[in-house]
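Peer 1: Everything below, folded, please.
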Amino acid sequence: MQHETASPTARHHRHGSNAGQPLTRRDGLLKVTGRATYAADNHPDGTLYAVVATSSIARGRVRSLNVEAAKAHPGVVEVLTPANRPPLAHDPDEKMPPFGFRVEVLQDDTVRYVNQPIAMVIAQSLEAATEGAALLDPRYETEPARTGPSNGTRFDPQAIGVGAPARTAHGDIEAGLAVAARVTEAEYVTPSQYHNAMEPHAIVAQWDGDRVTIDMPNQALALSCASYAAYFGIPAENVVIRSPFLGGGFGSKAILNGPQILAILAARMLGHPVKLALTRAQMYGPVGHRGRTWQKLRLGTDAQGRLTALHHHALGATSSFDEFIEPAANASLPLYASPAILAEHEGLRLDIGTPGPMRAPGEASGSAALEVAMDEAAEACGMDPLDFRLANYAETEPVTGKPFSSKALRECYVEGAKRFGWSERPLAPRTMRDENGFLVGWGMGTAVFPCPHFPAEARATLRADDTALVETGGVDMGQGAWTALAQIAAEALGLDPDQVELRSGESTLPDGGIAGGSAHTASAGMALHNAGGNAIAQLAELATADPESPLFGAGNIGVVAQAGRLHRRDDEQRGETYAAILARAGRTEVVGTAKSTRDPAVASTHAMYSHGAVFAEVKIDPDLGQIRTTRLVGAFAAGRIINPRLVRSQYFGGMIWGISFALHEEAITDRRTGRFLNADLAEYHVPVNADVPALDALLIPEDDPHVNAIGVKGVGEIGITGTVGAIANAVWHATGTRVRRFPIRMEDLLAGSSAE
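Peer 2: This next block holds a predicted model:
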């Protein structure tokens, strides 16, 4: 007998649901009262403290370490160096797919970048370990550091990002440029940006025989368990990672790094729990960063302002020993209609730590260049920037011709422009001033981000007391996953979120997939949706097969789960509570399990993206060149919104990072030595409250029947992708000076010419 249950989406539209409501964060009280337990807050009995000694040169070898002096220091227990490091089961110079990088775990005395681990001191106190590390007094044989295009090594990468092709072509670029009425050509530079989450990377590792329990901030629990297991030669189920809270991830905490592996190794070697927390300065090197890019764009346009060709070339910095090339040029593939599009990448080997995923990898850097280039092309055509983008609006994915699963970008343009007041913008630059004589400029940029999906699993236990326990090994790194995932599960189970207990953040739970790529809510949420549906189906089976139930025989008609009861689809009055169904069946609970995967047929036939438009206002002191972003309006379409409060928070975070990218953030290195000159939060500039203007995020309604059964797209990263270009374009509109290097500096404006 077939038992039909209403889908959560249908139930939401028909009856209303707490999914879609702006509920406050479940973890908010714990965090603001200091009761949330982060990795470094764990202190098992017998804990030893590890401190990594890192290199102060970018290239060469460690000639000597004063290990004797360090070991003689009171409280020091052991010093790990290449001479005594126990072997690992996996070669650290061999990549481990899908997100594996080559790591530095004291395999030899070679130094490949500044802040590379060269030793580890383990002691009975953090102070003793720190002092012991200082006593090592390393001596080096130094080679010249390769720090930029003038002395780095160019190469053609086999792949970019996480396995994407280095070159994608559609149509004939040169033919498209040849027939263009105008060709706009310019080069843009984006800086290296380093992970500076409020919580630095930390780990507490303790062994029990051949089992290890790890407390750490981690965005990919199951994947990391498998990787650590490979390094230590144990089954993946013998690795338990606990990660209930993350103080920011942004991609860096999905990737294994050398210091963490060394801490686990030290714990096994010494038979004690070992705690390691990187210092702020040590975040610059071994934990990934956004790689520097040099991008060249050529845009051909016809007499009506339509693109005839779009050529995007990106040179991306990577390390001397591994490859992660920022996929910047690929930002030009999904957005604007053109008969010819070419995105291609080169690599540049430098003496730096290997870059890695950092919020909106590729899209952030690439869209910064693309959106300024589009503004320059609009200027060359004498067109308003918004009109120019509408003239080149893509109705299907430009390179593949696939239809979009949904696309409300036009609505984003219209509503964002209306809220901002774009229609009042004069076309010519340097024509607006405020009452204080400051130059005023308005700019815009288009936002876009793909909608990936990661396999995930979940379990839903429906209890006789009208509550439920739902479980998935997901991650809340500040985006509100605990809250949004509970709302999705509650809807699937026909309960209020207050009746649903969510367990997450531990690898022993069903694999919740990866918290990255703006895919976590969709991936783990779909698994919970399916698990809840499975539990409800079992409950329906019990009721419709029970002659004493008012639902007996209703299997072919179907039943609906709502407010803790099942009722017939054709008659809401004929139904009963979950508790009554379970009681008659002699059950205390039913347990539903499910997986979440994307139908490959849908993925092959539809292009899936979130879209948006960002409008920016800047005010600039005409004498000093000081830039202030004073207004940002973003309008975004990202499918079904589970929690508007959390989504707006994510959009705000993305737009604030866009301010940081455009005006503040840059890791500065000494060109001679490769050493960092601003490896702290005093000199590595990020926006503070005084830098953040009035923010407005519009949630544009969008129904996507293809992306997944709950219609959810990602929102975490898209806010950066339109904001950087919008601010840069507003700076041009205010001053008439086009700056093509980020972050935009006062001196660039005072010079009155484009930066090289």
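Peer 1: looking at the sheet around Val560, what are its partners?
Peer 2: Note on Val560: beta-bridge partners His567, judged by DSSP bridges.
Peer 1: neighbours around it, how many?
Peer 2: The burial metric for Val560, expressed as a neighbour count using other Cβ atoms under 10 Å, is 23. Every C-beta, even on glycine, is put in place using the N, C-alpha and C of the backbone.
Peer 1: Return the distance of it relative to Gly575.
Peer 2: Val560 sits at a distance of 8 Å from Gly575 (criterion: Cβ to Cβ, to the nearest Å).
Peer 1: just Asp156 next, same as before
Peer 2: Spatial separation of Asp156 from Gly575 under the definition Cβ to Cβ is 65 Å.
Peer 1: Also Arg35?
Peer 2: 41 Å.
Peer 1: and what of Glu174?
Peer 2: 68 Å.
Peer 1: Compare neighbour counts for the two and give me the winner.
Peer 2: More neighbours surround Gly575 than the other of Glu174 and Gly575, with 22 against 12 (other Cβ under 10 Å).
Peer 1: next one: phi and psi at that one?
Peer 2: The phi and psi values for Gly575, taken as degrees, to the nearest 10, are phi -170, psi -180.
Peer 1: Ok, the one 5 residues further on next?
Peer 2: Summarising the backbone geometry of Ala580 under the convention degrees, to the nearest 10, its torsions are phi -70, psi -40.
Peer 1: Give me the neighbour count for it.
Peer 2: Residues near Ala580, counting by other Cβ under 10 Å: 17.
Peer 1: so what sits against both of Val560 and Gly575?
Peer 2: 566-568 (Cβ atoms under 8 Å, 6 or more residues apart in numbering).
Peer 1: Columns distance to Ala281 and neighbour count on top of these, output as a markdown table?
Peer 2: What follows is these, written out as a markdown table (distance: Cβ to Cβ, whole Å; neighbours: other Cβ atoms under 10 Å):
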| residue | distance to Ala281 | neighbour count |
| --- | --- | --- |
| Leu566 | 59 | 28 |
| His567 | 61 | 20 |
| Arg568 | 65 | 18 |
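Peer 1: how about the helices in the stretch 551-700 of the chain?
Peer 2: Under the criterion DSSP state H, counting those that start in this stretch, the stretch 551-700 of the chain contains helices at 578-584, 600-605, 644-659.
Peer 1: just how off-centre is the second one within its chain?
Peer 2: Relative to the mean C-alpha coordinate of its chain, helix 600-605 is positioned 24 Å out (Cα atoms, centre = their mean, to the nearest Å).
Peer 1: Name the surrounding residues that touch that helix.
Peer 2: Applying Cβ under 8 Å, 6+ apart, the set of residues contacting helix 600-605 from outside is 402-403, 405, 706.
Peer 1: Now list the buried members of those residues.
Peer 2: With neighbours counted by 16 or more other Cβ atoms under 10 Å, the contacts of helix 600-605 contain buried members at 402, 405, 706.
Peer 1: Find the residue closest to the second one in space, skipping its chain neighbours.
Peer 2: Going back to what we said before, that points to Ser405. Ranked by Cβ to Cβ, 6 or more residues apart in numbering and with sequence neighbours excluded, the top spatial neighbour of Ser405 is His706, at 3.8 Å.
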